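Chemist: A structural model of the following input is requested.
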Amino acid sequence: MLVKTNAGGMWLLPQVEELRHRGHEVAVVLPPGSGRLSDELERRGIEVLASPYDFTMDRYVPIGLLRLRALLRRLRPDVVQYHLIASAYAVRLATLGLPVHRVHMVAGPAYLESRLVRSVERMMWRLDDVVICSCRYASVRYGELGCPPQRRPVAVYGVDTDAFSPDATGPDQRAKLRAELGIDQAAFLAVMVSHVYPPMRLVRSGRGVKGHEVLLAAWRTFRRRHPEAHLLLVGGGWTGAGEDYRRQLSDQFDVTGDPGVTWVESVPDVRPCYAAADVSVSPSLCDGPGSAVEAGSMGVPSIVSAAGGLPEAVTERSGWVVPPADPTALLGALDAAYQGWVAGTLALRGRLARRHVQASFDDLRAAAEVADIVEDVAARRR
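Modeler: Next comes the predicted model:
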């Protein structure tokens, strides 16, 4: 396996474990250095190799790709499975002409919003034996690029529904976290869990893809209507540019001066944040199911934008789907969630959300589906 980050990407752990459980030898190629992902893989006794290519676009790209090619030739894998689009480009080019099968797993479909990237992918996907799509939306987009159905199966990343459950954090966690953050125990609490990514030049130019500004704009009006409500934002900037953008948003919406908003840059465990919340919000302009699945597994209903794979994370009875980049529509969904909270019906949506996640996003079942696909690709070579 190869992925361009050693910090994120924890979602590949169940896939690695499932392949090992089936008796396969698995090595993971990551950027050099210590990170959350590399540390956890090594703790589990999984071989981690430092990538000789750092996935940056500069004049040293040919040298980095040649070194990556040399590493993969030495490993002689039957299948190379890669996650994230930068990893896909690197592996595709580095393995040209090598006797190896390629499995690209689409972690997030945002890059498919770029006309330039789509024009490149229209030809590059043909170097993949299979493009595993983590949501139906990504599979449809690859279908539009000419990829036949049998080469774009859907298999989600999933969530550990035992670890992410209403009972996993303890009965007092809701009150404890609210007390630690200074949030009123009786407040209606909405949570958004997401890193802040800077505006992408090729995707939704000038706007942050995660939609923080959409939520903050809607929240201004919502809080005037419901002064006792509180918004918890969890996640700092991804890279220095992301952190700069987070500070820009904080200043633009006067987050530090608003007693109804708490922004936590990082937490060791996001589960208490969900446990303390009444509703989760995912206003991304294009994304995979992501945090809405984690929230649902914790028994928390979600408001999601009709973008990417997010609508697949909820049902009509377990959440709300609103148009992307529409603060007015998001405000309406927040009002509906609030009314459900007042009426005592929001908890039922939370239970239905967990039921949906257990049926469609359990990580062990999802990892088995991915392993089946990888084994099928490997069998073709043999």
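
Chemist: Quick check: closest non-adjacent residue to residue 108.
Modeler: residue 288 (4.8 Å; CB to CB, 6 or more residues apart in numbering). Glycine gets a C-beta too; all of them are placed from N, C-alpha and C.

Chemist: which residues touch that neighbour?
Modeler: Listed by CB atoms under 8 Å, 6 or more residues apart in numbering, the contact partners of residue 288 are 107-109, 134-135, 138, 157, 308-310.

Chemist: Show the buried residues in the residues you listed.
Modeler: Buried residues within the contacts of residue 288, counting neighbours by 16 or more other CB atoms under 10 Å: 107-109, 134-135, 138, 157, 308-310.

Chemist: Rank those residues by pLDDT and give me only the lowest.
Modeler: Least confident entry in the buried ones among the contacts of residue 288, by pLDDT: residue 108, with 86.

Chemist: helix, strand or coil for that residue?
Modeler: coil (DSSP: H, G, I helix; E, B strand; the rest coil).

Chemist: isn't it right up against residue 308?
Modeler: Yes: here residue 108 reaches residue 308: they are 7.4 Å apart, a contact under CB atoms under 8 Å.

Chemist: shared neighbours, the two?
Modeler: Between them, residue 108 and residue 308 share the contacting residues 286-288, judged by CB under 8 Å, 6+ apart.

Chemist: Could you dump those residues into CSV with pLDDT, secondary structure and distance to residue 27 added?
Modeler: Shown next, in CSV, are the shared contacts of residue 108 and residue 308 (pLDDT from 0 to 100; DSSP: H, G, I helix; E, B strand; the rest coil; distance: CB to CB, whole Å):
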residue, pLDDT, secondary structure, distance to residue 27
286, 86, coil, 32
287, 87, coil, 29
288, 86, coil, 26
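
Chemist: Tell me the one of those residues nearest residue 33?
Modeler: Residue 33 lies nearest to residue 288 out of these, by CB to CB, at 26.2 Å.

Chemist: State the distance from the closest one to residue 196.
Modeler: 17 Å (CB to CB, to the nearest Å).

Chemist: repeat for residue 363
Modeler: Residue 363 sits 26 Å away from residue 196, going by CB to CB.

Chemist: quick one: the helices in the stretch 151-300 of the chain?
Modeler: 173-181, 212-225, 239-252, 271-276, 290-297 (DSSP state H, counting those that start in this stretch).

Chemist: Out of the ones you listed, which one sits most buried?
Modeler: Highest mean neighbour count among these (mean count of other CB atoms under 10 Å): helix 290-297, with a mean of 30.

Chemist: Residues contacting that one, please?
Modeler: With CB under 8 Å, 6+ apart as the test, helix 290-297 has contacts from 108, 156, 158-161, 164-165, 191-194, 270, 274, 277, 280, 282, 284, 301-302, 304, 310, 313-314, 318-319, 353-354, 356-358, 361.

Chemist: And stretch 111-128, by the same measure?
Modeler: Defining contact as CB under 8 Å, 6+ apart, one finds that stretch 111-128 is touched by 85, 88-89, 92, 96, 102-104, 131, 138, 141-142, 145-147, 151, 200, 202-204, 285-286.

Chemist: same deal with stretch 327-335?
Modeler: Identification of contacts with stretch 327-335 by CB under 8 Å, 6+ apart yields 190, 214-215, 217-219, 221-222, 225, 279, 281, 283, 303, 305, 320, 322-323.

Chemist: show me the contacts for residue 200.
Modeler: Neighbouring residues of residue 200 by CB under 8 Å, 6+ apart: 110, 114, 209.

Chemist: Distance-wise, check it relative to residue 114.
Modeler: 8 Å.

Chemist: for residue 11, same thing?
Modeler: Residue 11 is 23 Å from residue 114, by CB to CB.

Chemist: what about these two, which has more around it?
Modeler: Between residue 11 and residue 114, residue 11 has the larger neighbour count (other CB atoms under 10 Å), namely 22 against 19.

Chemist: Tell me where the stretch 251-382 of the chain has strands.
Modeler: Remark: strands assigned in the stretch 251-382 of the chain by DSSP state E, counting those that start in this stretch are 261-264, 279-282, 302-305, 319-322.

Chemist: do the same with the stretch 1-150 of the chain
Modeler: Along the stretch 1-150 of the chain, counting by DSSP E, counting those that start in this stretch, strands occupy 2-3, 27-30, 47-50, 79-83, 101-106, 130-133.

Chemist: and the first one, how far from the chain's centre?
Modeler: The one in question is strand 2-3. How far strand 2-3 lies from its chain's middle: 16 Å, per CA atoms, centre = their mean, to the nearest Å.

Chemist: Tell me who's in contact with residue 86.
Modeler: Counted by CB under 8 Å, 6+ apart, residue 86 has contacts 4, 55.

Chemist: Can you check what pLDDT the model gives it?
Modeler: Note on residue 86: pLDDT of 92.
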